[in-house]
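A.B. asks: Provided below are the primary sequence and the corresponding predicted coordinates.
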Number of protein chains: 2
Amino acid sequence: MSNQPGHRDRKKAATRQVISDVATRLFVERGFENVSIDEIARETGVARKTVFNYFPRKEDLVFDREEESRELVRQALAARGGQPPIRAFQTLMRALLEDRHPIFRINQRPIRFWRTVADSPALVTHARKLQGTLADDLAGMLADAAGKPPHDPHARLAAAMLMDTLVIAYGEALRAFREKRKPAAAFADVMERGFAGVNAALAGTVYV
Amino acid sequence: MSNQPGHRDRKKAATRQVISDVATRLFVERGFENVSIDEIARETGVARKTVFNYFPRKEDLVFDREEESRELVRQALAARGGQPPIRAFQTLMRALLEDRHPIFRINQRPIRFWRTVADSPALVTHARKLQGTLADDLAGMLADAAGKPPHDPHARLAAAMLMDTLVIAYGEALRAFREKRKPAAAFADVMERGFAGVNAALAGTVYV
DNA sequence: GCAAAACTTGCACTGAGTGTAACAATTTTC
DNA sequence: GAAAATTGTTACACTCAGTGCAAGTTTTGC
């Protein structure tokens, strides 16, 4: 009655998914602040505490896929050959855009999602926090790849600028989509400017 | 029994200051999360609700001087003559550093302050949120000065990169101070790299 | 001095998040 | 295939941030 993942793990994954789905639906319908955890638990048919077991904070019900992007970057930096780390990162991002990777996918789904986020101060703040920790992680990876200490200010500067670039490029692509312009072109314009800026800022260092 | 500011306003300012001082002391002593609003109110000799009247969120007890920097930038952009906005901004920042303006002052005080912040997840998040809104404001001012719409992605990119630059430069200056290196030199190094990056990213636009 | 305006306070409430211990389901072991 | 050990779920009681409201005080303008 059980295979590799085990009956228990399948149930856990299912429960987690149901809670997340119910929560997302309610948030989109009525806004993040107007839905309580109690309500999500009731609607899911599960105890309040169980919701907290899976999602320690309310915001985690909305954002629970940071790890994906982190892993993508980690792998690209590991397999970069002799290339300087920032080059490798930029190559990866251009490839993801070129290949229409889901992470940069633009359609009605992310539009609705990000509108829900934008409508909630708490979620905007949390998105910024995530951007910050991603930038910190990226800085650590860049520094590590270059054999520098983890707090190296050049790595931090590069990482922060790269994250800004991607976030703003993505936001602009969403806007382009809404305004019936070409999202990929809008994305690429901001991205290439940002990358040029980072390369100029880091000129002469080991990073570029 | 009252002069220009009025008896009432002086009392208000005084109360506000006492609350803020008590809170800061307790936070530095025992950490942000280990001090409740109840305790601050009790120690200040004021009602819990009064604390919230002055400081709507707990975090506001720690950060309540964003407006200063915003005003500084606003004035510099208003009085920039024919200079492109980003140039004006960079000139202002170089001048503030050169003149040892309090906003960039480095000594034991800000060191202790930022260590307290760094020790509290909630405060780190809030600091990031403040950086984000400051970047948004700056983007708006830059766009406005250049006669562009407020959401112009180039303005947003420039503003975000400039804010990163200053935040990282300041952090590095604090670190330099702790390690007995020259803070101003450390600050200037990061700042000039960041500025060069922004100028390269925005090359050919009206902003630079 | 008096009335209006502004500030403080107490009180009752909502909702997020935590700790704990009892209970139920699953997995492991023999 | 049943007993034992592990792991997840639940109920319960609690802390603390933050809000809304109405009553009480203080300050101010006249």
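C.D. replies: All right, it came through fine. Residues are numbered from 1 along each chain as shown, chains lettered A, B, ... in the order given.
A.B. asks: Who are the contact partners of A:Ile19?
C.D. replies: A:40, A:44, A:46, A:50-51, A:54-55, A:61 (CB atoms under 8 Å, 6 or more residues apart in numbering or on different chains). All C-beta spots, glycine's among them, are computed from the backbone N, C-alpha and C.
A.B. asks: quick check, distance from whichever strand or helix holds A:Ala13 to the centre of its chain.
C.D. replies: A:Ala13 belongs to helix A:7-30 when elements are defined using DSSP states H and E. Offset of helix A:7-30 from its chain centre (CA atoms, centre = their mean, to the nearest Å): 20 Å.
A.B. asks: Now do the helix or strand that that helix is followed by, average pLDDT.
C.D. replies: Next helix or strand after helix A:7-30 toward the C-terminus (DSSP H and E): helix A:37-44. What helix A:37-44 shows for mean pLDDT is 97.
A.B. asks: and the closest residue to A:Ala47 other than its chain neighbours, how many neighbours?
C.D. replies: Spatial nearest neighbour of A:Ala47, excluding adjacent residues (CB to CB, 6 or more residues apart in numbering or on different chains): A:Ala41 at 6.2 Å. Residues within reach of A:Ala41, counting by other CB atoms under 10 Å in any protein chain shown, total 19.
A.B. asks: go on, the one 10 residues further on?
C.D. replies: Using other CB under 10 Å as the criterion, A:Val51 is surrounded by 24 other residues.
A.B. asks: pLDDT of the helix holding A:Ala13, averaged?
C.D. replies: On average, helix A:7-30 scores 94.
A.B. asks: Could you check how far A:Ala41 is from A:Tyr54?
C.D. replies: As judged by CB to CB, to the nearest Å, A:Ala41 and A:Tyr54 stand 11 Å apart.
A.B. asks: A:Val198 too?
C.D. replies: Taking CB to CB, one finds A:Val198 at 37 Å from A:Tyr54.
A.B. asks: In the helix holding A:Ala13, which residues are buried?
C.D. replies: Neighbour-count burial for helix A:7-30 flags A:15-16, A:19-20, A:22-24, A:26-28 (criterion: 16 or more other CB atoms under 10 Å in any protein chain shown).
A.B. asks: same check, this time on stretch A:31-48
C.D. replies: Quick answer for stretch A:31-48 (16+ other CB under 10 Å): A:32, A:35, A:37, A:40-41, A:44, A:46.
A.B. asks: So which of those residues is the closest to chain B?
C.D. replies: Set against chain B, the nearest of those by CB to the nearest CB is A:Phe32 (15.8 Å).
A.B. asks: Please consider this matter closed, and thank you.
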